[in-house]
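In: Sharing a model that was predicted from the sequence below.
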Amino acid sequence: MVVMIVLGLAVFVPHLLGFSQYVVVSGSMEPAIPVGSLVFSKPVEPSELEPGDVIVFYNANHNDTPVTHRVVENHVADGEIVTKGDANTGNDLSPAPYERIEGKVSFHIPRIGYLVGPFGTVLGKISAVMFIAAGYLLTMIGDNISKKRPERDRA
């Protein structure tokens with residue numbers, strides 16, 4: 001239960017501070033950001049992004065999947081950013097329009113995305129609440145059973 005609460009706080013507290021979280025599901029940013037990392041981004045004015053910044057954007061060519069890639073060029077006049085994954089040989093095929101940019105990556109936590117990722121869905125959240133509730137109920141039942149046992153059985 002403690003692990004579930006700590007993981008919940010790890011996701012909830014940054015959200016209160018204005019961060020959005022995304023789980024990295026491909027190796028395009030390795031080794032800088034490994035698969036399974038949880039990245040935290042903050043909204044930013046796209047015209048202020050510079051080459052080398054890592055951003056999260058929604059890629060229209062891949063079913064609106066969030067993508068975490070590095071800025072190569074910022075075409076302010078066109079309102080779009082050329083991006084590239086660190087592990088990829090070339091730039092992404094389509095520039096990211098400003099309106100599809102979610103934010104600039106501030107930090108990431110390797111491997112925690114494997115644990116937190118499933119709880120990003122409605123079913124995952126329901127499962128987490130049920131797991132915590134079941135743990136609490138089992139603790140209460142265990143306490144009641146131990147209180148009902150005669151004193152000689154406790155020794």
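Out: Perfect, thanks for sending it. Keep in mind it's a predicted model, so treat the numbers as computed, not measured. Residues are numbered from 1 along each chain as shown.

In: Please enumerate the strands of the protein.
Out: In the chain, the strands defined using DSSP state E lie at 20-23, 38-42, 54-59, 65-75, 80-84, 96-97, 101-109.

In: Pipe those into a markdown table and attach mean pLDDT, mean neighbour count and distance to residue 146 per row.
Out: Where you see a C-beta, it was placed from the backbone N, CA and C, and this is true even at glycine. Output for these, formatted as a markdown table (pLDDT from 0 to 100; neighbours: other Cβ atoms under 10 Å; distance: least, Cβ to Cβ, whole Å):
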| stretch | mean pLDDT | mean neighbour count | distance to residue 146 |
| --- | --- | --- | --- |
| strand 20-23 | 89 | 20 | 40 |
| strand 38-42 | 94 | 22 | 39 |
| strand 54-59 | 94 | 20 | 50 |
| strand 65-75 | 96 | 19 | 49 |
| strand 80-84 | 97 | 21 | 59 |
| strand 96-97 | 94 | 20 | 59 |
| strand 101-109 | 95 | 19 | 39 |
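
In: In JSON lines, list the ones you listed along with distance to residue 6.
Out: Output for the strands of the chain, formatted as JSON lines (distance: least, Cβ to Cβ, whole Å):
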{"stretch": "strand 20-23", "distance to residue 6": "15"}
{"stretch": "strand 38-42", "distance to residue 6": "13"}
{"stretch": "strand 54-59", "distance to residue 6": "24"}
{"stretch": "strand 65-75", "distance to residue 6": "24"}
{"stretch": "strand 80-84", "distance to residue 6": "33"}
{"stretch": "strand 96-97", "distance to residue 6": "34"}
{"stretch": "strand 101-109", "distance to residue 6": "12"}
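
In: and of these, who's closest to residue 122?
Out: When these are compared by Cβ to Cβ, strand 20-23 sits nearest residue 122, at 16.0 Å.

In: Would you agree residue 80 is in contact with residue 98?
Out: Yes. If you go by Cβ atoms under 8 Å, residue 80 and residue 98 touch, sitting 6.6 Å apart.

In: Helices of the chain, start to end?
Out: 2-16, 112-116, 122-148, 151-154 (DSSP state H).

In: Just send those back as JSON lines, with mean neighbour count and distance to residue 68 too.
Out: Below are those laid out as JSON lines (neighbours: other Cβ atoms under 10 Å; distance: least, Cβ to Cβ, whole Å):
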{"stretch": "helix 2-16", "mean neighbour count": "12", "distance to residue 68": "16"}
{"stretch": "helix 112-116", "mean neighbour count": "17", "distance to residue 68": "11"}
{"stretch": "helix 122-148", "mean neighbour count": "11", "distance to residue 68": "21"}
{"stretch": "helix 151-154", "mean neighbour count": "7", "distance to residue 68": "55"}
